[in-house]
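Participant: Structural data only, the sequence is not supplied:
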């Protein structure tokens, strides 16, 4: 059933990635509070130290650590308490040998102090005298100037996707706007003479457009801007026009559906025909050793990826994960060094057979049984959207494996 | 060091969850394309079948399966090809015994047909005659009427967070707007006399506001609406006013910072004082057996959770995961049955000691070494934001474990 000339998904993906230049999206300058999830377009270098002063990490007494050396229970050090440090204010006093000043967590160490004794390690002897029963090391309970971030240090590198804490770090060094790659605009062209919009009444033989809703959600969730171009007739000129239009105003084009025998060939033909006009390799592969998702088409026109997607809802989700997401990431300039799939380990609930030579993506739901997490295959054709609704994630059977056995540990890629 | 009376994080969380009523947020009706990530407010029941007709899953011939029973290579069945099914159109003809009609993938079966023979399993004998070398079972290569979703079937249940494929399923049954719980509005009150806004010049002894940026990002990412209330002086009346204002216009209040000894007590005092005015249990716990995050305060006023967060950036992220996220989820009406942490298994790069009786949350970065994933602890005080920037996730050492050993398998909760 599977054409031996079909590529495996990673090889098919590699063809598209090789054909588009990296991070060719333009950049934009945004306020950091708008940057969550964006990819940084250039290294961020700090122009200042964080913090800019020696800072206490505890409530206690700022002092000179040498005054406490050798202090023990039966031979405590006696230190005179003078002054008090207040939050947010640079002390206008210094500490001399034998002196300490009260300091709150986050307070700035006065001159002459190199460590902070925790409140609970000091015994108050009198209003202005404490007893110290253990030595304090230099810099103990202190964050040094520049210990978090040093001036001229590279804080974040080009290609990094900004998480909440990264934005926090930028705020910490006074950077309130940065250059990021703009989000890729991904057009969705729905085809199929049987497809009608979700809000239309159905005539016999028609079905509603499901895939553009699934695709839009996945694209947004993974840092892209989906643009639904609408539903187009299975007609060469109509789809060619739609594809040319989408190529003008987006960074990537998805054609969903067109699953009838004639249309399948037509999508590939149109990709090749417009490649002759606008340049590019045209179709790079047509068909992949993958289930669901076999009829997938990948191409490039005018340096923009065009993917022809099978109409089955389950294939849409698998093809998104294997092709659309990594292509969007390359367009977005994401540094591919650090990518970890979010998975969870579970035990297969039953045997699943798989054909050698192709990747099988099995939808599963998870349930706990005797304290163990069990992955239960969701039965049903890949044309059924409910197989995805019932599923919590996907288990991949690689091409060189003939199946999975009951009780076998599997990694579930969670939705 | 750790107070034996301190609660463990799950027990502390339970106190807050028990004190707020479930899903008390109001609902709103949204278009489905706006609903990604929202929680459904009532069960969704289909008013129609999906699909509404018997549908072919392949390109081939619609026929009566009985005509193929017993067909084999040396004794094929001969079937007359009449008519052709077109996409999106109900056939205006029927199939008689001994007849078949061409049908595309997704096409509607004509009357009299109960199965589809794949194109590649038919031999064309003449323009209107095919040879069938193997039997086709009833319903083979067919999606039956209602096989995906049946009329009156519950498609999605109250409390489910809508994923891309769920929205697709709603579109598929013609539902274009649904009732969802509105997103919880979470106010962030930043306190600390040393804190200045990110865009301000720094005076000696001052630091910029980091935590409100980290918190805002985490809240948005997990389905809430963050509202930064600003930075407030460490003063009873000022913070009490800010807290009362935040209680009016939000569903949950976070107070970040106020780490100085005096303020720590003040936050708890204010929570108790406003509980006397507006009702509610006030402070439910003050201090948790957790590192980082020990000084955490949890309380409830007027059925709204108020959390006092330690000022250390690393504590913010840990407390978000352990407290803020689950409380937001309860407010949002999320059904807690199905929650799986997105983790990845790795081997510890080195020994890490932990104190019995408390939960230790260790920041780690991941690297591949000899094909294995290694979790390397990020060294540095929890007051340093860069420990989070360098980290890919967190490893939890439970309270009954004295540490982790080199090479030990750990589950890394990915950021």
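Facilitator: Alright, I've got the coordinates. Every value quoted in this text rests on a predicted model; they were computed, and no experiment measured them.
Participant: Every contact and neighbour count from this point should use C-alpha atoms.
Facilitator: Noted.
Participant: Excluding covalently adjacent residues, which one is nearest to the most centrally placed residue in chain A?
Facilitator: Closest residue to the average C-alpha location of chain A: residue A:161 at 6.4 Å, with C-alpha atoms, centre = their mean. Distances taken as C-alpha to C-alpha, 6 or more residues apart in numbering or on different chains put residue A:39 closest to residue A:161, at 4.4 Å, once the chain neighbours are dropped.
Participant: so residue A:208 sits right up against residue B:171, yeah?
Facilitator: Yes: here residue A:208 reaches residue B:171: they are 6.8 Å apart, a contact under C-alpha atoms under 8 Å.
Participant: Now do the shared contacts for these two.
Facilitator: residue A:198 (C-alpha atoms under 8 Å, 6 or more residues apart in numbering or on different chains).
Participant: Which residues of the stretch 151-300 of chain A lie near chain B?
Facilitator: A:163-169, A:171-176, A:192-195, A:198-200, A:204-218, A:259-261 (C-alpha under 8 Å from any C-alpha of the partner chain).
Participant: let me redo that: the stretch 1-150 of chain A
Facilitator: So the stretch 1-150 of chain A meets chain B at A:33, A:36, A:50-53, A:57, A:59, A:87-90, A:104-108, A:147-149 (C-alpha under 8 Å from any C-alpha).
Participant: Can I get the buried part of those residues as one ChimeraX selection?
Facilitator: Buried residues among the residues of the stretch 1-150 of chain A next to chain B (16 or more other C-alpha atoms under 10 Å in any protein chain shown), as a ChimeraX selection:
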select /A:33,36,50,51,52,53,57,59,87,88,90,104,105,106,107,108,147,148,149
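Participant: Break chain A into its domains for me.
Facilitator: A:9-26+A:183-331, A:27-50+A:147-181, A:55-143, A:343-414 (automatic domain parsing).
Participant: in chain A, which helix has the most residues?
Facilitator: Secondary structure of chain A per DSSP state H: the longest helix is helix A:261-278.
Participant: Please name every helix or strand in contact with whichever helix or strand comes after that helix.
Facilitator: Counting by DSSP states H and E, the next helix or strand C-terminal to helix A:261-278 is strand A:282-286. Under the contact criterion of 3 or more C-alpha pairs under 8 Å, 6 or more residues apart in numbering or on different chains; DSSP states H and E, strand A:282-286 touches helix A:9-19, helix A:261-278, strand A:297-301.
Participant: Kindly reformat the ones you listed as TSV containing mean pLDDT.
Facilitator: Below are the helices and strands packed on strand A:282-286 laid out as TSV (pLDDT from 0 to 100):
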stretch	mean pLDDT
helix A:9-19	95
helix A:261-278	86
strand A:297-301	96
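Participant: Please identify the most buried of these.
Facilitator: Sort the helices and strands packed on strand A:282-286 by mean neighbour count, taking mean count of other C-alpha atoms under 10 Å in any protein chain shown, and strand A:297-301 sits at the top with a mean of 25.
Participant: Which members of the residues of the stretch 1-150 of chain A next to chain B are positioned in strands?
Facilitator: Among the residues of the stretch 1-150 of chain A next to chain B, no member falls in strands (DSSP state E).
Participant: quick one: residue A:9 and chain B, what's the gap?
Facilitator: Distance check for residue A:9 against chain B: by C-alpha to the nearest C-alpha, to the nearest Å, it reads 21 Å.
Participant: I figured that residue hits residue A:287, correct?
Facilitator: No: Residue A:9 is beyond contact range of residue A:287, at 9.6 Å (criterion: C-alpha under 8 Å).
Participant: So which of the residues of the stretch 151-300 of chain A next to chain B are in helices?
Facilitator: Checked against DSSP H, those include these in helices: A:164-169, A:171-172, A:211-218, A:261.
Participant: Can I have the buried ones of these as a ChimeraX selection?
Facilitator: Buried members of these can be picked out in ChimeraX with the line below, counting by 16+ other C-alpha under 10 Å:
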select /A:164,165,166,167,168,169,171,172,211,212,213,214,215,216,217,218
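Participant: how many neighbours does the spatially closest residue to residue A:196 that is not a sequence neighbour have?
Facilitator: Leaving aside its sequence neighbours, residue A:196 sits nearest to residue A:208 (C-alpha to C-alpha, 6+ apart; 4.9 Å). Neighbours of residue A:208 under the rule other C-alpha atoms under 10 Å in any protein chain shown: 23.
Participant: How about the contacts made by residue A:81?
Facilitator: Neighbouring residues of residue A:81 by C-alpha under 8 Å, 6+ apart: A:99-102, A:127-130.
Participant: which SS state does it fall under?
Facilitator: strand (DSSP: H, G, I helix; E, B strand; the rest coil).
Participant: how far off strand A:297-301 does the helix or strand of chain A at the bottom of the mean pLDDT ranking point, in degrees?
Facilitator: Lowest on mean pLDDT, DSSP states H and E among the helices and strands of chain A sits helix A:261-278, with a mean of 86. Using axes from the mean of the first three to the mean of the last three C-alpha atoms, to 10 degrees, the direction of helix A:261-278 lies 20 degrees away from that of strand A:297-301.
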